[in-house]
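>>> this one's structure only:
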């Protein structure tokens, strides 16, 4: 059963939409989620969560103060981790783990958010066996709570310049951890401010009078009895943010704080008792956990856009405003072409990104398996793919969410819509885990190397780069929707990406004749970013169609998915049309065909839209939006929601007695 | 003195930037703000506000709960209006009024936000003389507090379908105000929820068994003694929103609530004692107040982008991250080309929009003067210009703010940056006072009429439409920066706009042959919006250069402004390049020149950027951003700011004692 099933008492417009769809919503849902069994498991997990009194939401989170939010999230996090083994298959973090967490924590982080995702894996991957013995039990039983403290006030992206120091003192066999100035304060780590007792701290290692760069240390920061910060530690919450305000992202300053030598994580690098530094054997193996978070992010981000499009689509079917034919009554706003253009492309992007996320997960699992054998072959490909996708996806997701919100008019601005929270949560993804522009430039560096390889006749390329070796095409075969094949669209994207990548390579080579490499690179970094973006866009289109081709046994669903993928591609072409018009690769008439084809596809998707978003299978609990309710009974529930407002706790507020009342009395007395 | 003056103790990078600028920042500031006297008045007003203990900000607003926020804003609003006559020239609302309010209230509304802006003008403009006598004194002395209640849960844009009814009962000579269902609830009016005692209520007038459409009524909703809602009234706060949470936007439901006949505002329409409806003489004169708010909005929106670009530019000069030349030390991030592309176009847009706002103000004042003589000649032009600009400006401003925020990396996500508040405040402008897409379609309707006039040989056009009569140009004269003149760029924009407007007109005419007008219009509404947008963009470019040409006696400033305007135009061309490439109006080489010219202009503006944003003349109080501080001392102040966090009031929070502590104790006991 998917969430969009028709029930008595539903808004009749939504029921009408659900009945009118031309396909089986269950079949689409199964394809999107990976099979009947997965859908059944989602249902079981939802029922498990809803059955536990601990997870009953009395006051929606948006009415809580920051202190109350933090406390409620902490309470839920403790219960969530407590029940985790009963509720889910913990090894399936991409699927069941993320779903379970989202159901309970919503779009907010919490006191244990880094404990399992960053603290535990670091302990597992960076310790010696002795260290593992000492710490693993404590982490797994939640005897301590941990976080991962890397970025500082003054340094995020450029880790090599972190300012926190760890200086080895052979006399006491201790490291002295120190923050030499305020910009060295650790800043941002989740759950650092008030929750964690321990942190993995990245600090510049000094021993024997030499600097060895950033290394990880496990540092206790709060007392295990009274939870007070230990002497030499200054720690606190970094204050309110755009979003995720249930989380205590923190700051941390060290004043010559001493830890035992054994607290340096020594699986790779080591410092001996005497203070001798021993270099690691395999530098690259540290990569894994950054790549893990980025891989997870692609799916997580896609799901935020899925939620936003669900809300906007349902609301557009429920809301009536304005007449198309005078006297014929107000129409559902989903009938307006401009509204369709705002919302439907977001649905197409959701699927493009979800299907890419699925590929990234598979590649991630393959890489993990390889890495356990010491094989790093596919790691650079995963790194490049996940970085590029992370940038493009997080940006388009946040843009798409805002389009969905704006499409809901005034009510989209209310927190009742869910959008403010969804946006704040998702748009953070443009910045964390590698700022988007920095990521695109890394991908571009990789692409420049690939072109150099191709030019030097070296044939071995990563799969995703393969198209760069193909020949250029002078004219597109695109000729409108009739006769349109995936190959035509894929060829167009690959051609545009190829032209950009090779174009910027030539420009760079040209500039390098007169400028130092770094200056040349900076000078054309706008072009480099653009080339990376189109490289990723080409991947997304190709992957979208490839993924759909696996849909079997449901012809109408497959046909619908092809239309969705075509709209995705054409909408992207329309947004970047100038690149397709370049050197008349597209003629003006082909450009006009793009526009017409988009209009036709919007029209075709109009009757299917509600059923498509139903197939995303959000429960009301997960969606957390009055506008997006499955039953479509929006207005009465907006009023019920509003009545819970903090300002409605009493009829007359103190501000009246203190300020407004006296002002008005005085005013009337003047007359 | 502008705010950017160098002082001892400033961040040395900012001082370096300020010294290196090639122009006199005071001259630019005077030009932007309209003269030395205006700058002097701004300084006086700032000093006035800072001298009053009532306006001392102890805890920054972002650390307050919603209840505390509302109360603080109410307190400040009372003091602000109390001091207004001492502090400012109240007749200069566009200048001194807005500035004074922003200094005190920040980017949040308050208990009196609609009292002066909507309630008072409606009383002034829509009452008979008797009514004016009765109400004006009460409003001006603040003996009552008022708001304007028009939109409903179920209806915003389409006023004709409002559901609240006002039925005349001749027996008691009363109107019965009623909300027939929940969707009829008034929803959104500022200061309605908890503050206002009275509201102007728009309701469907019924008398003598006939419906006469929406009319305004003045309705008392709360008791003047105890402030409780009166019997028959249900009123409250609509709950938290994306932003402006110090404001009590409200809902309001009527249960057969009776008001005297005299409470219908009867300057135009009337209902006699017997219940006879008397039609108004001049329908159009009601327009004024919507147009007023939209005109104000253009300036208000521009100032939000000004604030965002100030913050991002200063922070980009202060922040050092990464090395361009290895070993040469970390560079100011403003040196990265990608960073320049993110921020500098926002500076150019700020000026484009501010200068347009200035024109709109002048036109508004002219229209007001004309209207007082019953002359409505320029009203449609003001309506169309303010609607079109409102759409384009509010959208680009909100996009630009997010670019500025993202350009500040992780710290941009913190509320310490000021961005979350600026964005939430500004982006609301895409929706309120006429949803952007609806506005663009209105402009498009106007444009279609204009084309019809031109085709029928009718020569009399509004000034802004004049270019539509000019001949098409086949090829652009653009040839890079050398020899670039404003005329070349203006011609390009006008050509593109003209092609779009006439193109969509033809398509519409074609479709109307087989479809009813409304269907045809909806079918191509995407094209219609686009045509409106380019129409507005052409106006913005033309006005930008025209405005600059008035800059006299400061050659370097003028030259700089031309560079800024050129970057504005070229950046817009780059974003819509496909339209310029249409039918080879631009050649590929001209398109490439656009890119190169942008790179060159970014490079030229690099050393001037900090001084340019200094010329916007924000005080730290108004900017309200740790990242954008005049002195550039960001890191130590981020830490100070964070220490005020709600979660830092105690070292150990209840959540530890209740949830995390027991969990960890239990965990350790297992080992």
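Noted; the coordinates are in hand. All values derive from a computational prediction rather than experimental measurement.
>>> any weak-confidence spans in chain A?
A:1-4, A:282-289 (pLDDT under 70).
>>> Give me the most central residue, it.
residue A:301 (3.3 Å; Cα atoms, centre = their mean).
>>> thought that one was touching residue A:353?
Yes: between residue A:301 and residue A:353 a contact is recorded at 6.7 Å, counting by Cβ atoms under 8 Å. C-beta: built from backbone N, CA, C; applies to glycine.
>>> Which residues are in contact with each of the two?
A:393, A:397 (Cβ atoms under 8 Å, 6 or more residues apart in numbering or on different chains).
>>> Now the residue nearest to the centre of chain A. Nearest residue, chain neighbours left out?
Among residues not flanking residue A:301 along the chain, residue A:397 sits closest, at 4.6 Å (Cβ to Cβ, 6 or more residues apart in numbering or on different chains).
>>> what sits against the one you found?
Residues near residue A:397 by Cβ under 8 Å, 6+ apart: A:301-302, A:304-305, A:349, A:353, A:426, A:429.
>>> Look at it and tell me its secondary structure.
Using DSSP: H, G, I helix; E, B strand; the rest coil, the secondary structure recorded for residue A:397 is helix.
>>> From the contact counts, what lies against the helix or strand harbouring residue A:581?
Here residue A:581, judged by DSSP states H and E, is contained in helix A:577-581. When contacts are defined as 3 or more Cβ pairs under 8 Å, 6 or more residues apart in numbering or on different chains; DSSP states H and E, helix A:577-581 packs onto helix A:486-512, helix A:588-605, helix B:577-581.
>>> before we move on, back to that, mind listing what's buried in the host helix or strand of the residue nearest to the centre of chain A?
Residue A:301 belongs to helix A:288-318 when assigned by DSSP H and E. Using 16 or more other Cβ atoms under 10 Å in any protein chain shown as the burial criterion, the residues of helix A:288-318 that qualify are A:288-289, A:291-318.
>>> try stretch A:460-472
The neighbour-count check on stretch A:460-472 (16+ other Cβ under 10 Å) flags A:462, A:464-465, A:467-468 as buried.
>>> ditto for stretch A:264-284
Result for stretch A:264-284 [16+ other Cβ under 10 Å]: buried residues A:264-271, A:275, A:277.
>>> same thing with stretch A:126-139?
A:126-127, A:131-132, A:135, A:138-139.
>>> what does stretch A:478-493 give?
Quick answer for stretch A:478-493 (16+ other Cβ under 10 Å): A:478, A:481, A:484, A:486, A:489-493.
>>> do the same with stretch A:316-336
A:316-321, A:330-334, A:336.
>>> and what of stretch A:84-93?
A:84, A:87-88, A:93.
>>> Residue A:215 belongs to a strand, doesn't it?
Yes: Residue A:215: assigned to a strand according to three-state DSSP.
>>> show me the contacts for it.
Contacts of residue A:215 (Cβ under 8 Å, 6+ apart): A:166, A:202-205, A:264-265, A:269.
>>> follow-up on the earlier one: roughly how far does the residue nearest to the centre of chain A sit from residue B:347?
Separation of residue A:301 from residue B:347 (Cβ to Cβ, to the nearest Å): 30 Å.
>>> What are the buried residues along the helix ranked longest in chain A?
Secondary structure assigned by DSSP state H gives helix A:337-372 as the longest helix of chain A. For helix A:337-372, burial by neighbour count (16+ other Cβ under 10 Å) applies to A:337-361, A:363-364, A:367, A:371.
>>> Same question for stretch A:396-407.
For stretch A:396-407, by 16+ other Cβ under 10 Å, it's A:396-407.
>>> ok, now which ones touch residue A:71?
B:653-655, B:658-659.
>>> continuing past whichever helix or strand it is part of, what's the next helix or strand?
According to DSSP H and E, residue A:71 maps onto helix A:66-87. Remark: after helix A:66-87, the chain's next helix or strand is helix A:98-105, criterion DSSP H and E.
>>> if you look at that next one, does any of it touch chain B?
No: against chain B, helix A:98-105 shows no contacts by Cβ under 8 Å from any Cβ of the partner chain, the least distance being 13.8 Å.
>>> From the chain's centroid, how far away is that helix?
14 Å (Cα atoms, centre = their mean, to the nearest Å).
>>> Who are the packing partners of it?
Looks like helix A:98-105 contacts helix A:36-51, helix A:66-87, helix A:288-318, helix A:620-623 (3+ Cβ pairs under 8 Å, 6+ apart).
>>> if we go to 7 Å?
Other elements packing on helix A:98-105 under the criterion 3 or more Cβ pairs under 7 Å, 6 or more residues apart in numbering or on different chains; DSSP states H and E are helix A:36-51, helix A:66-87, helix A:620-623.
>>> The second one relative to helix A:98-105, how many degrees between them?
Orientation note: helix A:66-87 sits at an angle of 140 degrees relative to helix A:98-105 (axes from the mean of the first three to the mean of the last three Cα atoms, to 10 degrees).
>>> re earlier: packed most tightly, which of the helices and strands packed on helix A:98-105 would that be?
Mean neighbour count (mean count of other Cβ atoms under 10 Å in any protein chain shown) peaks for helix A:66-87 among the helices and strands packed on helix A:98-105, with a mean of 20.
>>> Next, the angle helix A:36-51 makes with it.
130 degrees.
>>> Now tell me what touches the one helix or strand residue A:535 maps to from outside.
Assigned by DSSP H and E, residue A:535 falls within helix A:525-548. Outside helix A:525-548, the residues that touch it by Cβ atoms under 7 Å, 6 or more residues apart in numbering or on different chains are A:352, A:355-356, A:359, A:388-389, A:392, A:437, A:440-441, A:443-444, A:447, A:464, A:467, A:486, A:489-490, A:493-494, A:496-497, A:500-501, A:504, A:507, A:558, A:561-562, A:565, A:568-569, A:572, B:336-338, B:341.
>>> Stretch A:413-430 now?
A:62, A:107, A:242-244, A:297, A:301, A:304, A:307-308, A:311, A:394-395, A:397-398, A:401-402, A:404-405, A:408, A:411-412, A:436, A:623-628, A:638, A:641, B:238-242, B:406, B:413, B:428, B:431.
>>> Backbone torsions only: list them for residue A:186.
Dihedral pair for residue A:186: phi -60, psi 140, per degrees, to the nearest 10.
>>> go on, residue A:156?
Torsion angles, degrees, to the nearest 10, at residue A:156: phi -120, psi -70.
>>> what's the answer for residue A:519, then?
Torsion angles, degrees, to the nearest 10, at residue A:519: phi -70, psi -40.
>>> Can you name the residues that contact it?
residue B:324.
>>> you'd agree residue A:219 is in a helix?
No: looking at residue A:219 with three-state DSSP, it is strand, so not inside a helix.
>>> now it, which residues is it bridged with?
Judged by DSSP bridges, the bridge partners of residue A:219 are residue A:199.
>>> wouldn't it be in contact with residue A:203 here?
No: if you go by Cβ atoms under 7 Å, residue A:219 and residue A:203 don't touch, sitting 8.9 Å apart.
>>> anything in contact with each of these two?
Residues touching both residue A:219 and residue A:203 by Cβ under 7 Å, 6+ apart: residue A:177.
>>> Who has more neighbours out of these two?
Using other Cβ atoms under 10 Å in any protein chain shown as the criterion, residue A:219 and residue A:203 rank with residue A:203 on top: 28 against 22.
>>> what's next to the helix or strand hosting that one, contact-wise?
Using DSSP H and E, residue A:203 maps to strand A:198-207. The contact list for strand A:198-207, computed with Cβ under 7 Å, 6+ apart, reads A:119, A:122, A:144, A:146-150, A:162, A:164-168, A:177, A:186, A:189, A:192, A:211-221, A:252, A:271, A:275, A:277.
>>> so residue A:248 touches residue A:237, yeah?
Yes: between residue A:248 and residue A:237 there is a contact under Cβ under 7 Å: 4.8 Å.
>>> Which one's more surrounded, the two?
residue A:248 (32 against 24).
>>> For the stretch 201-350 of chain A, what lies in contact range of chain B?
A:226-229, A:236-242, A:248, A:251, A:321-322, A:324-325, A:330, A:336-338, A:341 (Cβ under 7 Å from any Cβ of the partner chain).
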